[in-house]
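Asks: mind looking at a prediction? Sequence and model below.
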Amino acid sequence: MFLYFFKRVPVKRRSTGKNLIDGNPKQQSKCRFLRGLFCVIIFVFVLLLINVVNIMFIKSNVFELEDVVNGIGSTLMFDSVTRATTPPTEVDGLLFLNESDTSGLLRLERSKQRNLSQYNIDVLVIGSKEQVDMAKVQRETWASHDAVRHFFLSTEYDDVDPLCKDDTERFDLLPQVRTCHSHAHWKNLDSLNKVTENFRRVYARREWLQKKKNPKGWLCVQRRFITSFTKLVELYAETKSLPDYFILADDDTYINIDHILQMFFISPKLQLDEGLNQEMMMYPTIDEPVVTAGCRVRTPDHFLTNTFGYGGYGTFFSRGSLERLIEPMNCNMDGDDIIVSGANNDPSKQSCKKLLNKLKYSYPMNATISEEKFFKMGDSLNQVFYKYSRNLDVPFCMHSDWFVGYLANFHNISRHTSTLGGDWFDERKADVQENRLHQMKGNIIYRAPEGECKHGESEECNAESTVCHRMNSKSLRNIYRESLS
């Protein structure tokens, strides 16, 4: 089309048949000028078009989070693969995990020294870049409590592959799911045992997965829980600044922090002052290694003893449990014996046996998820799983809740469950080594939800609730207001 205008078009006289511009220098000069002008216009138009296309492409690959907190008037620009170009360390209390580092956390803690509560609770919420507003509401409501020191948010930028949830269509998920359902997957990892057999049978069943709005996104977030958790715990190890309690939660979780303080801080301290032995406490002091599920799920125990938390109700780690996670394991082999510096009952010895010589032992000592492949002498447990979650080069075939349950039950970062709560299951499992994930005041699921496991499921959350799940912005604000009145 454009060539039509560059072509010298002959216009003939009716009478003579000669071209109008032949022999007319002024007409020829004018035509040359018009053609040149038209070329310039076309050139400028093409440049503008290229710029518009580039801008549209950039916007499609950039996450723009405007006004994360009311009134800040700032914009965070995140590239789809790299980190933020100009990230603040903290935006009105909201910390993005992918931008958190050791020096940033230390500076932040120094700046907060004057405002610190006598209790320190950190929260890590596993959310999405598409639902940052939910984390914002959590921070404005229940997590605004003075006892909450840091509130971290993990999104797709903390995935091993930040584009994980976008690069596969629904029908392409079937090969991955089939792999996870095969015996060969865990056998190739030298980890086919009672634990992984249970994972294999029930992980991501096709009919269940297809009900998900974004099946690929759900699969991606399972690994994100572990990469995010291990990164944050590694930051604690580097800063040597552990919270008194650490909460791992979803972005639709509600937690009554006053209830948590009473349960995990105030009551244990009073009991200790009265001379009660820690072993006789349902919830011991923060220095004791305890991992508690806001809602504990257990599977039928005719096959194996297996408990895990329903993540949406939160999982609670005492400082003592975090210390076990970051403690270097000074173990070595001397023939067939495991040498560990420390007492015979040192929890490191149990993990050393699993990591160095599991084939020598029977269940549950021989049950791993192949983490031993990533162990190096002197590693902490957290470092082992930090490498595991990032470097496993096969499909990640585990629900995030199962991983937390496995860590608590099979690596002794939590002391054995108490028989004082009147739960018949814990009483019956008093001598079962791998029953170490604690429950919160009768919140359990076995066939049907009990206690506050109903809140957000079959019953509505209320002002007296300690934990709730499946909340939205409106219900979070309403329950929080009611809890203050």
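Replies: Looks like it came in fine.
Asks: roughly how far does the closest residue to Arg223 other than its chain neighbours sit from Ile41?
Replies: With sequence-adjacent residues excluded and distances taken as Cβ to Cβ, 6 or more residues apart in numbering, Arg223 is closest to Phe396, at 4.5 Å. (Glycine included, C-beta is placed from N, CA and C.) Computed as Cβ to Cβ, to the nearest Å, the Phe396 to Ile41 distance reads 56 Å.
Asks: those two: who's more crowded?
Replies: Phe396 (21 against 10; other Cβ atoms under 10 Å).
Asks: do you know the pLDDT at that one?
Replies: You'll see Phe396 listed with a pLDDT of 91.
Asks: just to check, it is in contact with Gln222?
Replies: Yes - Phe396 is within contact range of Gln222, at 6.4 Å (criterion: Cβ atoms under 8 Å).
Asks: ok, the closest residue to His181 other than its chain neighbours - contacts?
Replies: Sequence neighbours aside, Arg200 is the residue nearest to His181 in space, at 6.0 Å (criterion: Cβ to Cβ, 6+ apart). Shown in contact with Arg200 (Cβ atoms under 8 Å, 6 or more residues apart in numbering): Cys180, His181, Ser182, His183, His185, Trp186, Cys397.
Asks: top of these by neighbour count?
Replies: Greatest neighbour count in those, by other Cβ under 10 Å, goes to Cys397: 24 neighbours.
Asks: wait, a strand at it?
Replies: No - Cys397: not assigned to a strand; according to DSSP: H, G, I helix; E, B strand; the rest coil it is coil.
Asks: ok, now how distant is it from Lys454?
Replies: As judged by Cβ to Cβ, Cys397 and Lys454 stand 30 Å apart.
Asks: and Trp142, by the same measure?
Replies: Separation of Trp142 from Lys454 (Cβ to Cβ) stands at 19 Å.
Asks: ok, those two, which is more surrounded?
Replies: A direct count of neighbours by other Cβ under 10 Å for Trp142 and Lys454 places Trp142 higher, at 23 against 19.
Asks: so that one versus Ser351, what's the distance?
Replies: Taken as Cβ to Cβ, the span from Trp142 to Ser351 is 34 Å.
Asks: one more: Arg200?
Replies: Noted for Arg200: a distance of 24 Å to Ser351, by Cβ to Cβ.
Asks: how about Ile326, what does it touch?
Replies: Val233, Glu234, Tyr236, Ala237, Leu242, Ser380, Leu381, Asn382.
Asks: any idea how far Gln350 is from it?
Replies: 17 Å.
Asks: go on, Ser144?
Replies: 40 Å.
Asks: same check, this time on Asp287
Replies: In terms of Cβ to Cβ, Asp287 sits 20 Å off from Gln350.
Asks: comparing these two, which residue is more hemmed in?
Replies: Gln350 (19 against 13).
Asks: can you tell me the element the more buried one falls in?
Replies: Counting by DSSP states H and E, the element that carries Gln350 is helix 347-357.
Asks: tell me the mean pLDDT over that helix?
Replies: 84.
Asks: and the closest residue to Ala293 other than its chain neighbours, what pLDDT?
Replies: Of all residues not flanking Ala293 in the chain, Gly309 sits nearest, at 3.2 Å (Cβ to Cβ, 6+ apart). Gly309 is assigned a pLDDT of 96 by the prediction.
Asks: contacting residues around Gly309?
Replies: Gly309 makes contacts with Ala293, Gly294, Cys295, Arg296, Val297, Thr315, Asp401, Val404, Gly405, Leu437, as judged by Cβ under 8 Å, 6+ apart.
Asks: which ones among those are found in helices?
Replies: Judged by DSSP state H, the contacts of Gly309 include Asp401, Val404, Gly405 as members of helices.
Asks: just the closest of those residues to Leu392, please.
Replies: Each of the ones in helices among the contacts of Gly309 was scored against Leu392 by Cβ to Cβ, and Val404 proved nearest at 16.8 Å.
Asks: tell me the first helix or strand C-terminal of the helix or strand bottoming out on mean pLDDT in the chain.
Replies: Ranked by mean pLDDT, DSSP states H and E, the helix or strand of the chain with the weakest confidence is strand 75-79, at a mean of 29. Downstream of strand 75-79, the first helix or strand assigned by DSSP H and E is strand 95-96.
Asks: can you pull the contacts of the residue nearest to Leu248 when sequence neighbours are not counted?
Replies: Excluding the flanking residues, the one nearest Leu248 by Cβ to Cβ, 6+ apart is Thr315, at 4.6 Å. Applying Cβ under 8 Å, 6+ apart, we find Thr315 in contact with Ile247, Leu248, Ala249, Val291, Thr292, Ala293, Gly294, Gly309, Val404.
Asks: got a list of what Phe225 touches?
Replies: Ile126, Leu248, Gly311, Ser400, Phe403, Val404.
Asks: highest neighbour count among those?
Replies: If you count neighbours using other Cβ under 10 Å, the busiest of the contacts of Phe225 is Leu248, which has 27 neighbours.
Asks: that one - that's part of a helix, no?
Replies: No - counting by three-state DSSP, Leu248 is not part of a helix but strand.
Asks: how much space between it and Ile121?
Replies: Leu248 is 12 Å from Ile121, by Cβ to Cβ.
Asks: again, but for Gly93
Replies: Gly93 sits 13 Å away from Ile121, going by Cβ to Cβ.
Asks: do the same with Pro162
Replies: Pro162 is 29 Å from Ile121, by Cβ to Cβ.
Asks: and Leu189, by the same measure?
Replies: Leu189 sits at a distance of 36 Å from Ile121 (criterion: Cβ to Cβ).
Asks: the two: which has the busier surroundings?
Replies: The residue with more neighbours, out of Leu189 and Ile121, is Ile121; 25 against 18, by other Cβ under 10 Å.
Asks: give me the pLDDT value at that one.
Replies: The model's pLDDT for Ile121 equals 97.
Asks: beta partners of it?
Replies: Val148, Tyr245 (DSSP bridges).
Asks: check contacts around it.
Replies: With Cβ under 8 Å, 6+ apart, Ile121 has these contacts: His145, Ala147, Val148, Arg149, Pro243, Asp244, Tyr245, Phe246, Ile247, Ile257, Ile260.
Asks: can you add neighbour count, distance to Leu173 and pLDDT and give these back as JSON lines?
Replies: Listed next are the contacts of Ile121 as JSON lines, based on neighbours: other Cβ atoms under 10 Å; distance: Cβ to Cβ, whole Å; pLDDT from 0 to 100:
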{"residue": "His145", "neighbour count": "17", "distance to Leu173": "40", "pLDDT": "96"}
{"residue": "Ala147", "neighbour count": "19", "distance to Leu173": "41", "pLDDT": "95"}
{"residue": "Val148", "neighbour count": "23", "distance to Leu173": "37", "pLDDT": "95"}
{"residue": "Arg149", "neighbour count": "19", "distance to Leu173": "39", "pLDDT": "93"}
{"residue": "Pro243", "neighbour count": "21", "distance to Leu173": "37", "pLDDT": "96"}
{"residue": "Asp244", "neighbour count": "22", "distance to Leu173": "41", "pLDDT": "97"}
{"residue": "Tyr245", "neighbour count": "25", "distance to Leu173": "37", "pLDDT": "98"}
{"residue": "Phe246", "neighbour count": "26", "distance to Leu173": "32", "pLDDT": "98"}
{"residue": "Ile247", "neighbour count": "24", "distance to Leu173": "31", "pLDDT": "98"}
{"residue": "Ile257", "neighbour count": "21", "distance to Leu173": "38", "pLDDT": "98"}
{"residue": "Ile260", "neighbour count": "26", "distance to Leu173": "37", "pLDDT": "98"}
